[in-house]
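Peer 1: Provide a 3D model corresponding to the input given below.
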Amino acid sequence: MNHRVLVVTSEMPAGLGHPTAGGGLRAWNLAAGLRQQGFEVEYALNQSVVEGRTLPEECTRHVWTPANLSRVVMEAAPDVLVFCQWEPMSHLEAAPCPVAVDLFGLLLLENWYRGVGEIQVQAQAKLRTLARADAFIVTSPTLRAYFTAWLTMAGVSPEDFPLLDVPISLPDEMPALSDRSAAGDLVFVYSGIFWPWQNPALPLATLTETLERAGKGKLVIYGGRHPLHEVSGEAAMKAGRFLHQLKGSERVEIRGLVPHEELMAAFAQLDVAVDLMEANIERELSSPIRSVCYLWAGLPPVVSHYLYLAGDLERAEAGWKVNPGDPAAMRRLFEWMLEHPGEVRSRRVKAQAFARGRHTWSAALRPLAEFCAAPRYRQKGRHLLDTTLERLGAMQAELETTAARLQEAESRYYQERAAWLRREHALEDRLHRAEHDLEAIRSKFLFRLFKRVQDIIAPERKPVELPPRDE
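Peer 2: Residues are numbered from 1 along each chain as shown. Purely as a prediction, here's the structure:
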């Protein structure tokens with residue numbers, strides 16, 4: 001009997017007729033890919049995904065919030081839990097079965113760029129969450145290296161590292177490539193959510209200027225704000241100004257966000273994709289979701305030179321790489337493309353071949369399918385926070401012992417000081433009483449008489465004055 005898998009996500013999965021983002025595409029990758037492998041798979045969608053949208057009944061059976069996630073999971077009674085990102089899992093009190101967590105993105109870095117929450121607090125929650133999972137899914141060598149450090153701090157033994165390499169993937173059946181005239185003008189495409197950490201302004205402006213100067217070619221943009229998550233006002237305004245500038249060109253068409261299936265159908269009518277953004281640490285480590293979608297649809301992409309698959313892509317002649325911070329290099333590449341549309345379109349077949357080799361469900365999901373077929377609990381270790389808190393506890397106990405000893409020594413000192421002061425006070429009191437008694441004696445009649453007789457018998461002698469010496 002095939003195991004039942006529950007995929008938990010806070011994103012809108014692709015394939016449901018609504019615009020989505022990379023997280024939703026990844027959730028669909030895993031769920032639909034596992035179904036293809038013969039597993040019974042259901043979604044557990046966050047309430048924010050379901051509210052106000054028409055979705056199939058099977059997508060609304062297990063609606064969760066942070067407060068009720070544990071109950072929802074227990075009632076679903078899956079054999080395997082797959083969490084899309086670690087944050088939803090942080091709300092799970094206890095797992096009724098083995099858990100695999102998909103680490104397809106750099107959530108802490110993304111939240112830092114978005115200005116969401118306190119990163120140090122989120123880092124602690126991340127370590128605690130990772131320490132409870134049984135397997136960890138990554139999409140690329142760069143993310144494998146990045147999360148190896150996190151998992152080590154989470155107490156995962158390097159001798160038994162349950163890391164599953166599952167690249168971004170799409171169905172085995174690819175779109176048929178449409179007939180495109182070898183001589184016709186090229187149509188470029190850029191797509192995706194406008195995030196604060198993703199800045200395609202310079203590459204798209206350079207492409208637009210090149211198209212205008214050449215007087216041919218077109219750029220189509222499918223993009224907009226995230227359908228669920230808020231983006232800072234400054235970032236939204238920046239994206240709005242940039243799009244407004246591009247809209248002023250007759251060579252640019254902006255179509256907004258559309259459902260994934262509609263976007264893939266549109267890609268089949270285009271020629272070349274642009275996946276270029278200003279370099280930053282999130283971009284250099286991230287999963288190449290856009291590029292995989294372009295390749296699968298038969299669109300050879302122009303990618304940033306820092307992307308981990310850029311070299312393989314260019315060697316396979318499935319796309320091109322260029323420095324997105326070098327306008328002259330980008331301009332030369334775009335000009336060459338406009339002059340050689342037939343050669344550009346000839347790479348469409350190679351683009352799909354590249355995707356077929358590593359980015360289809362059959363090619364990519366085997367490690368996760370093997371885990372779901374034989375789910376197992378991992379021997380849990382102690383995460384960094386546990387050992388740190390234990391050390392802090394020992395230090396606290398030592399400080400308390402030292403403080404008690406100091407308090408005891410201080411108490412003895414003050415007791416001895418008080419005793420000394422009492423002795424000093426008693427002595428001063430005795431002296432004061434003696435002086436008082438002496439005064440009392442001096443005031444008596446007999447004492448005055450005694451002094452008078454003493455003066456008569458032995459009067460006080462005055463010193464003899466000598467006569468002055470003669471000069």
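Peer 1: And the spatially closest residue to Gly155 that is not a sequence neighbour, how far from Pro158?
Peer 2: Sequence neighbours aside, Gly381 is the residue nearest to Gly155 in space, at 3.2 Å (criterion: CB to CB, 6 or more residues apart in numbering). Heads up, the C-betas are built off the backbone N, CA and C, glycines and all. Here the criterion is CB to CB, to the nearest Å. By it, Gly381 lies 10 Å from Pro158.
Peer 1: overlap in contacts of these two?
Peer 2: Listed as contacting both Gly381 and Pro158 by CB atoms under 8 Å, 6 or more residues apart in numbering is no residue at all.
Peer 1: where along the chain do the strands fall?
Peer 2: 4-9, 40-45, 80-84, 99-102, 135-138, 163-165, 187-193, 218-224, 252-254, 272-275, 301-304, 320-322 (DSSP state E).
Peer 1: thinking again about what came up before, test for you: state the pLDDT assigned to the residue nearest to Gly155.
Peer 2: Predicted confidence (pLDDT) for Gly381: 76.
Peer 1: so how far is Arg114 from the residue nearest the centre of the chain?
Peer 2: Per CA atoms, centre = their mean, the C-alpha nearest to the average position across the chain is that of Leu108, at 0.9 Å. Distance from Leu108 to Arg114, counting by CB to CB: 11 Å.
Peer 1: cool, and Cys84?
Peer 2: 18 Å.
Peer 1: Break the protein into its domains for me.
Peer 2: 4-170+368-381, 187-359 (automatic domain parsing).
Peer 1: Need the strands of the chain in TSV (columns: mean pLDDT and mean neighbour count).
Peer 2: As requested, the strands of the chain are exported to TSV (pLDDT from 0 to 100; neighbours: other CB atoms under 10 Å):
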stretch	mean pLDDT	mean neighbour count
strand 4-9	98	24
strand 40-45	97	22
strand 80-84	97	26
strand 99-102	98	25
strand 135-138	97	24
strand 163-165	95	17
strand 187-193	93	22
strand 218-224	92	19
strand 252-254	93	17
strand 272-275	97	25
strand 301-304	98	26
strand 320-322	98	21
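Peer 1: right, so of those strands, which gets closest to Ile119?
Peer 2: In terms of CB to CB, the element of the strands of the chain nearest to Ile119 is strand 99-102, at 19.3 Å.
Peer 1: got a list of contacts for the closest one?
Peer 2: By CB under 8 Å, 6+ apart, strand 99-102 touches 26, 30, 80-86, 89, 92, 129-130, 132-137, 164, 166, 368, 371-372.
Peer 1: do the same with stretch 376-384
Peer 2: 98, 127-128, 130-135, 153-157, 160, 162.
Peer 1: Which two among the residues you listed are spaced furthest apart?
Peer 2: Pro98 and Met153 (21.6 Å).
Peer 1: Looking at these two, which is more packed in?
Peer 2: Using other CB atoms under 10 Å as the criterion, Pro98 and Met153 rank with Pro98 on top: 22 against 18.
Peer 1: Tell me how far that one lies from Glu212.
Peer 2: Distance, Pro98 to Glu212, by CB to CB: 56 Å.
Peer 1: still on that earlier bit, report the buried members of the contacts of stretch 376-384.
Peer 2: 98, 127-128, 130-135, 153-156, 162 (16 or more other CB atoms under 10 Å).
Peer 1: any chance of the strands of the chain in JSON lines, plus distance to Glu400?
Peer 2: Output for those, formatted as JSON lines (distance: least, CB to CB, whole Å):
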{"stretch": "strand 4-9", "distance to Glu400": "43"}
{"stretch": "strand 40-45", "distance to Glu400": "46"}
{"stretch": "strand 80-84", "distance to Glu400": "40"}
{"stretch": "strand 99-102", "distance to Glu400": "39"}
{"stretch": "strand 135-138", "distance to Glu400": "39"}
{"stretch": "strand 163-165", "distance to Glu400": "42"}
{"stretch": "strand 187-193", "distance to Glu400": "52"}
{"stretch": "strand 218-224", "distance to Glu400": "57"}
{"stretch": "strand 252-254", "distance to Glu400": "65"}
{"stretch": "strand 272-275", "distance to Glu400": "58"}
{"stretch": "strand 301-304", "distance to Glu400": "55"}
{"stretch": "strand 320-322", "distance to Glu400": "60"}
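Peer 1: Okay then, goodbye and thanks.
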